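In: 3D model of this:
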Amino acid sequence: MKIKSLTIENFRGYKEKHTIDFNPDLTGLIGRNDVGKSTITDALEIFFNNETVKIEPADRCVFSTDDVIRISCEFYDLPESIIIDETVSTTFRDEFLLNEHGNLEILKEYKIGARVQNPSIKIIANHPIVDSEKPLHLAKIADLKKIGEKLRIDSDVQDKRVASQWRKAIWSAKTGIERQEIDISKLSPETKEIYEKITLSLPLFALFKSDRESNDSDPEAKNPIQVAVKTAQKIYEAEIRILEQKIIDSVIKVAENTLEKIQEMDPELANSLDPLLKETPKWTFNFALNGDNGVPINKRGSGVRRLILLNFFRAEAERLKQERNSPNVFFAIEEPETSQHPDYQALLIKALINLSYIPNTQILITSHVPGLVSLLPVSSIRYMERVEKDKVKILKGDDDVLEIVSKSLGVLSDPTLANAKAVVLVEGHSDITFLNHISEQYKQHGLIEKTLSESGIHILPVGGCGNLKHWVNKRIIEKMGLKWGALFDSDLGDQFQNEQNISKMQEIVKEGHPGFLTKKREPENYIHPEILKKEFDIELTYTEIDDAKKIIGKLIRKNPNDVLELLWRKMSFQQLQIVSSLEEGKDEFLDWLKAFDTLIK
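Out: Okay, here's the model as predicted:
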């Protein structure tokens, strides 16, 4: 199950009803400070958890006289079946729990007084009209039987002990459908389990805020661990319920045995002895993180704590690729650039983008920093602009909106484009070294007449295909009348990333530009093993799909991102030809250079 949209009303700076749609993978909330980005993430946290951020009376919009705050979420990609009565499987559609768009819509209303009351929870659904005062989900099974007998459909109910079968038979006898609110707060103890079963299917939501205090209760470093706990609880939900039932059955058995002994002594003393579970088990696990020498992580600097957060997302990306039974997770990260070096900012964004490609994961980030925003895919951008003191415009990333974003945040084109005759777009700065060295060696050995630089072909790193930086430079390139091509990593071996890269490159080629993905995972996979033997006396082999950057970096004790800059220029022409050799005597590198040479013809 994924989140399609969030709607808020009378919440902080949003007086009127405002809706924001989320992409199935990555969404970026972009806008100036205090425009209301954190209000969106806080509303999600309140809706799902009410822990990291708790709703309070001051959250009511100060420009409104309404005393009710409304927060609702719409969900799609619903499970094929759900069990809400006994052990009988049914569906959201058969239970008429979906809205007019075929999605699950849940509304929470918070009445504000001296304090905030527990929310009134409602499911907004296109529901059959029945001759009763309330939707059938609010009716006890005894009431359902009375309605069924009145409609003379009781013979259609196969198992008269199961409420869902009564509801289905009653609905079959009625044809009128209208948009209704099913008030969960009015469910009887007999039927309240319906909503509890629904909540088990909702995605896990985790908010990482930027403004953490550094004290013993600081959750910034602990939050990833608590997310891990919640994820594990979601995975093992069925086993937990079985264990709970075993414990309850065991206690009941003890009570029954005790009652037998009481009645042996005095039959008039007691006729029943029923254990009552006062509170559902919380299954609370409270972890703390300690680093070297037992020093708590929350005593380290904010930069270190955010680095832990960065690597949590990187680790999650790798874990979720391997685990097919992981629950749906929605991560919201406020200002990931906080307390981070620009290099780490780029690394974090790449980690989040990679994580968002995994089918059961959604990512939401907020930012106003040009360097970080420029790396976001254009389709992910939601630009927020306050038009009145109590109203915000939320715009999707079409060309007009992207123009506003780039100017508003100062996302600029590369100034070196002024002298270029043509442009080759690449991912990062090390790719400039990668292409230039190939070009220089191939010219020295007579395979091409001029290097890319000598031909006036500018190599421009844009962080990847389809992001805002790419869009800005592409607009400038086209305005200047320059031809352009692209070379990006294939990320072969990473199914989700590879599929995204293939799709984006196909769009570039379809537009008529020469575009390539590396035949191997990334440039580091082309480093000849003899270089490692000569420079570090390390014998190492890796395939075209291995993460060579990480493998080499770990062995030579260097930052993986520095591996290409450190070793690539040591590659001889002969070694370049060996690693670029394709079937039928073709040369992958030469194919690139010849194609890019056509840009200036």
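In: which stretches of the stretch 51-200 of the chain have low pLDDT?
Out: Across the stretch 51-200 of the chain, the ranges flagged by pLDDT under 70 are 85-88, 129-134, 174-177, 187-193.
In: now the strands for it?
Out: 68-76, 82-85, 88-90, 104-111, 120-128, 177-183 (DSSP state E, counting those that start in this stretch).
In: immediately after the lowest-mean-pLDDT helix or strand in the chain, which helix or strand?
Out: None of the helices or strands of the chain scores lower by mean pLDDT, DSSP states H and E than helix 302-322, at a mean of 68. Following helix 302-322 in sequence order, the next helix or strand is strand 329-334 (DSSP states H and E).
In: what about that next one, average pLDDT?
Out: For strand 329-334, mean pLDDT rounds to 89.
In: Pull up the pairing partners for it, direction included.
Out: strand 204-208 (parallel), strand 361-367 (parallel) (DSSP bridges).
In: any idea which element V392 lies in?
Out: Residue-wise, V392 maps onto strand 391-396 under DSSP H and E.
In: outside of that strand, which residues touch it?
Out: With Cβ atoms under 8 Å, 6 or more residues apart in numbering as the test, strand 391-396 has contacts from 13-16, 18-21, 35-36, 381-387, 401, 404. Backbone N, C-alpha and C define where each C-beta goes, glycine included.
In: any idea where the helices of the stretch 401-550 of the chain begin and end?
Out: Per DSSP state H, counting those that start in this stretch, the stretch 401-550 of the chain carries helices over the ranges 430-444, 468-479, 495-510, 529-536, 548-556.
In: what's the fourth one packed up against?
Out: Read it as helix 529-536. Under the contact definition 3 or more Cβ pairs under 8 Å, 6 or more residues apart in numbering; DSSP states H and E, helix 529-536 sits against helix 548-556, helix 563-567.
In: How about that helix, which residues are buried there?
Out: Using 16 or more other Cβ atoms under 10 Å as the burial criterion, the residues of helix 529-536 that qualify are 531-532.
In: Over to the first one?
Out: Buried residues in helix 430-444, counting neighbours by 16+ other Cβ under 10 Å, are found at 430-443.
In: what's the answer for the third one, then?
Out: By 16+ other Cβ under 10 Å, the buried positions in helix 495-510 come out as 496-498, 500-501, 504-505, 508.
In: quick one, which of the helices and strands packed on helix 529-536 is nearest to T258?
Out: Proximity to T258 (Cβ to Cβ) singles out helix 548-556 among those, at 61.5 Å.
In: returning to that earlier point: make TSV out of the strands paired with strand 329-334 and add mean pLDDT and mean neighbour count.
Out: Shown next, in TSV, are the strands paired with strand 329-334 (pLDDT from 0 to 100; neighbours: other Cβ atoms under 10 Å):
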stretch	mean pLDDT	mean neighbour count
strand 204-208	86	22
strand 361-367	92	25
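In: can I get those strands in TSV with distance to E565?
Out: Below are the strands paired with strand 329-334 laid out as TSV (distance: least, Cβ to Cβ, whole Å):
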stretch	distance to E565
strand 204-208	31
strand 361-367	27
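In: Pull up the pairing partners for the helix or strand hosting L29, direction included.
Out: Assigned by DSSP H and E, L29 falls within strand 26-30. As defined by DSSP bridges, the strand partners of strand 26-30 come to strand 361-367 (parallel), strand 381-388 (parallel).
In: Contacts for the next helix or strand after that strand next, please.
Out: Sequence-wise, the next helix or strand downstream of strand 26-30 (DSSP H and E) is helix 37-48. For helix 37-48, the surrounding residues in contact (Cβ under 8 Å, 6+ apart) are 3, 6, 8, 11-14, 20, 29, 31, 51-55, 71-73, 108, 202, 205, 207, 209, 330, 332, 334, 364, 366, 384.
In: circling back: wait, which of the helices of the stretch 401-550 of the chain is closest to P119?
Out: Counting by Cβ to Cβ, P119 lies closest to helix 495-510 out of the helices of the stretch 401-550 of the chain; the figure is 36.1 Å.
In: number of nearby residues for K246?
Out: Number of residues near K246 (other Cβ atoms under 10 Å) recorded here: 10.
In: Next one: it from I252, what distance?
Out: From K246 over to I252 the distance is 11 Å, taken as Cβ to Cβ, to the nearest Å.
In: ok, so what distance separates E454 from S201?
Out: Shown here: E454 relative to S201, a distance of 61 Å by Cβ to Cβ.
In: Who has more neighbours out of those two?
Out: More crowded of E454 and S201, by other Cβ under 10 Å: S201, with 15 against 12.
In: Thought L78 was touching the more buried one, still the case?
Out: Yes. Judged on Cβ atoms under 8 Å, S201 makes contact with L78 at a distance of 7.2 Å.
In: Between these two, which contacts overlap?
Out: Shared contacts of S201 and L78, defined by Cβ under 8 Å, 6+ apart, comprise M1.
In: re earlier: can I get the buried part of the contacts of strand 391-396 as one ChimeraX selection?
Out: Buried residues within the contacts of strand 391-396, by 16+ other Cβ under 10 Å, are selected in ChimeraX with:
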select :13,14,15,18,20,35,36,381,382,383,384,385,401
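In: mind checking the end-to-end distance for stretch 579-594?
Out: 18 Å (Cα to Cα, to the nearest Å).
In: whoops, stretch 534-545 was the one
Out: 24 Å.
In: tell me which residues in it are buried?
Out: Neighbour-count burial for stretch 534-545 [16+ other Cβ under 10 Å]: 542, 544.
In: I'd like the distance from that stretch to the chain centre, please.
Out: 35 Å (Cα atoms, centre = their mean, to the nearest Å).
In: okay, which residue is most central for the protein?
Out: Centroid check for the chain by Cα atoms, centre = their mean gives Q362 as the closest residue, at 1.8 Å.
In: Correct me if wrong: it contacts F331.
Out: Yes. Under the criterion of Cβ under 8 Å, Q362 makes contact with F331 at 7.3 Å.
In: so which of the strands paired with strand 26-30 comes closest to R60?
Out: Of all the strands paired with strand 26-30, strand 381-388 comes closest under Cβ to Cβ, at 17.6 Å.
In: Other residues contacting that closest one?
Out: By Cβ under 8 Å, 6+ apart, strand 381-388 touches 13, 20-21, 27-31, 35-37, 373, 392-397, 401-402, 404-405, 408, 468.
In: hmm, 7 Å instead?
Out: By Cβ atoms under 7 Å, 6 or more residues apart in numbering, the list of residues contacting strand 381-388 from outside reads 20, 27-31, 35-37, 392-397, 401-402, 404-405, 468.
In: for stretch 82-100, same thing?
Out: 78, 80-81, 104-105, 123-128, 162-164, 168, 171, 179, 194, 197, 201.
In: show me where the stretch 51-200 of the chain has helices.
Out: 141-151, 163-172, 193-199.
In: Quick one: work out the angle between the second one and helix 141-151.
Out: Between the axes of helix 163-172 and helix 141-151, defined by axes from the mean of the first three to the mean of the last three Cα atoms, to 10 degrees, the angle is 30 degrees.
In: mind listing what's buried in helix 163-172?
Out: When neighbours are counted by 16+ other Cβ under 10 Å, the buried residues of helix 163-172 are found to be 163-171.
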